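1. Predicted model follows, preceded by the sequence.
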Amino acid sequence: MERPMLVGAVNCTAILEFTLEGFPVVQHLGKVLFLLHLLAYLASVMGNSLIITITWADQRLHTPMYFFLSTFSFCECSFITTVIPKLLTIFLSRKHTISFAACFTQAFAFLFLGATIFFLMAVLSLDQYLAICKPLHYPTIMNPRTCVLLVTACFSLGFLLMAGPIIMLSQLSFCGSNVIPHFFCDFGHLAKLSFSKNRSIETLFFNLVFFLLFTSFLMTVIAYSNILVTIVRLPSAKERQKAFSTCSSHLAVLSLMYGSCVFIYVKPKQTSRLDSNREAALVNTVVTPLLNPVIYTLRNKQVHRALRDALSRVKLQKNHRWRVLSLL
């Protein structure tokens, strides 16, 4: 839908909705892709929801690390929900249109939650650094108040960094082409569709993204450099192996996230990489959230123990109900 408007001295038709191109090359496989992405989406949501439920239900997991992990899982569920449902609609019903307001809401939610996730990753690195390198001071430093403040800071920074560019971009004029060559409302593509192009907004956005990636990455590198030094000095080979295993899992997810984001946002010439952005973004929105529950907690012995205990309690309650029913 469009409506006439005057931009400066030029007549144009204002855009009231956008068209998401999706993946036109494989659009004929829509039903197959719908099923695959639906299964991946459900698995991600169920895995992350299970982490949140187990963390809050089991007293043994009421520690700073699992508090951060449950918050991280909540953000992951919210993050993929901003994008995947619309992608599923494109695959199944080929409904590519999205309203102007919904498009900018999706763009903001995607960037806000993505930024928050990166700050949480840095906080998780800090938590591991304190747990391994400062074990005696860890309980005092990572008290409940500090944990809540750190999580609040992550959400606040994510909101403040991403709200400005989105608000500024939404106030520009959009007319002419309304086709976004992506499967969601990406900031870079929206900026290119604007009739009143403003390079300062794009420059601000990419500087903020660079700041976000650089600061969170720098915190992670500093934390893991100290962790590595501490691990090497551990006297027991078993302790070293356990610590390395935990760190390698975290670093694997970090590599996926930082690699895809740098590829999408920090390369200089955007026009030469529009198509490849879709695949990189798909890694961030489908593959990484699917792997995170497995890598971070479902491999963890404490979580395994908590799951076994929860299943045992459910089984006992079920048996108790059957006994009560049999006596009636």
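-> Perfect, thanks for sending it.

2. show me what contacts the residue nearest to S170 when sequence neighbours are not counted?
-> The shortest distance from S170 to any non-neighbouring residue, by Cβ to Cβ, 6 or more residues apart in numbering, is to F104 (4.8 Å). (Glycine included, C-beta is placed from N, CA and C.) F104 makes contacts with I166, L169, S170, C185, L190, as judged by Cβ atoms under 8 Å, 6 or more residues apart in numbering.

3. Mind putting these into a markdown table with secondary structure and distance to M46?
-> Formatted as a markdown table, those follow (DSSP: H, G, I helix; E, B strand; the rest coil; distance: Cβ to Cβ, whole Å):
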| residue | secondary structure | distance to M46 |
| --- | --- | --- |
| I166 | helix | 30 |
| L169 | helix | 35 |
| S170 | helix | 34 |
| C185 | coil | 26 |
| L190 | helix | 32 |
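
4. Out of those, who's the most crowded?
-> The residue in these with the most neighbours, by other Cβ atoms under 10 Å, is C185 (25 neighbours).

5. Give me the local confidence score for it.
-> At C185, the model reports a pLDDT of 90.

6. swap in G8?
-> 48.

7. just A243 next, same as before
-> Here, the pLDDT recorded for A243 equals 66.

8. where's the residue nearest to S170, which helix or strand?
-> Using DSSP states H and E, F104 falls within helix 100-133.

9. And that helix, what's buried?
-> Buried residues in helix 100-133, defined by neighbour count with 16 or more other Cβ atoms under 10 Å: 100, 103-132.

10. immediately after it, which helix or strand?
-> The element immediately downstream of helix 100-133 (helix or strand, assigned by DSSP H and E) is helix 138-141.

11. now that next one: mean pLDDT?
-> 90.

12. Then stretch 157-169?
-> For stretch 157-169, mean pLDDT rounds to 92.

13. And stretch 59-72, by the same measure?
-> 86.

14. Can you tell me what sits against that stretch?
-> Counting by Cβ under 8 Å, 6+ apart, 51-52, 54-56, 117, 120-121, 123-124, 127-128, 131, 142, 147, 150-151, 154, 292, 296-297, 302-303, 305-306 sit against stretch 59-72.
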